[in-house]
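Asks: Sharing a sequence plus its predicted fold:
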Amino acid sequence: MLEEKELLAMLNKNNYLYNLYRHEPLFTVEDSINKRGKIKGIHSKNLFLKNKQNKFFLFSCLETRKIALKKLSKNLNLGNISFAKEEYLKKHLGVLPGSVTPFGLLNDNDQKVEFYLDKAFLLEKSVNFHPLVNTATVSLAIGDFISFLIENKKKVNIFDFEDYTLIDK
């Protein structure tokens, strides 16, 4: 499984400009808001979900979004979804609870996780995600973030969490 050091090496190798911020562990959005300091850019809420058919989904949305799982499930025809157990989080994203991040998709070698990014991120200059651990935050340009995932063969579905509609699939 890819770890923080290897992730940062990949970003460096491909000449992505980013800022790395070290901080105490942040386990929740509330922790992040209260303890992250003055990290510029937009911050996220990351939900790792599964349905009864063992299909997995990662949703990265604005940290302030209120998400109704039933509505989300209905709009994307996902079936009954719920938060995935820790064992699946470790297996598919290679992270622990509190460290959920789209960078974990790099550990999804079998392409089992569908990724949905909040359309609102596209309106921002920079985005912030944990680099596979919750004791640091990587801040980089939104275009670079999407390019990095695509270069690493990860599909990015753009989803409008404002009205719960899929923009691109």
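Replies: Now that the structure is in, tell me what you want to look at.

Asks: got a list of what the nearest residue to Leu7 once chain neighbours are set aside touches?
Replies: Nearest residue to Leu7, sequence neighbours excluded (Cβ to Cβ, 6 or more residues apart in numbering): Pro131, at 5.2 Å. C-betas here are computed from N, CA, C, even on glycine. The contact partners of Pro131, taken as Cβ atoms under 8 Å, 6 or more residues apart in numbering, are 4, 7-8, 20, 101, 103, 137-138.

Asks: next one: Met1
Replies: 94, 107.

Asks: which residues in the protein form helices?
Replies: When secondary structure is read from DSSP state H, the chain shows helices at 4-13, 29-35, 69-76, 86-93, 142-151.

Asks: so can I have TSV of the ones you listed showing mean neighbour count, mean pLDDT and distance to Leu58?
Replies: Below are those laid out as TSV (neighbours: other Cβ atoms under 10 Å; pLDDT from 0 to 100; distance: least, Cβ to Cβ, whole Å):
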stretch	mean neighbour count	mean pLDDT	distance to Leu58
helix 4-13	14	98	16
helix 29-35	14	74	16
helix 69-76	15	91	12
helix 86-93	17	97	7
helix 142-151	16	97	11
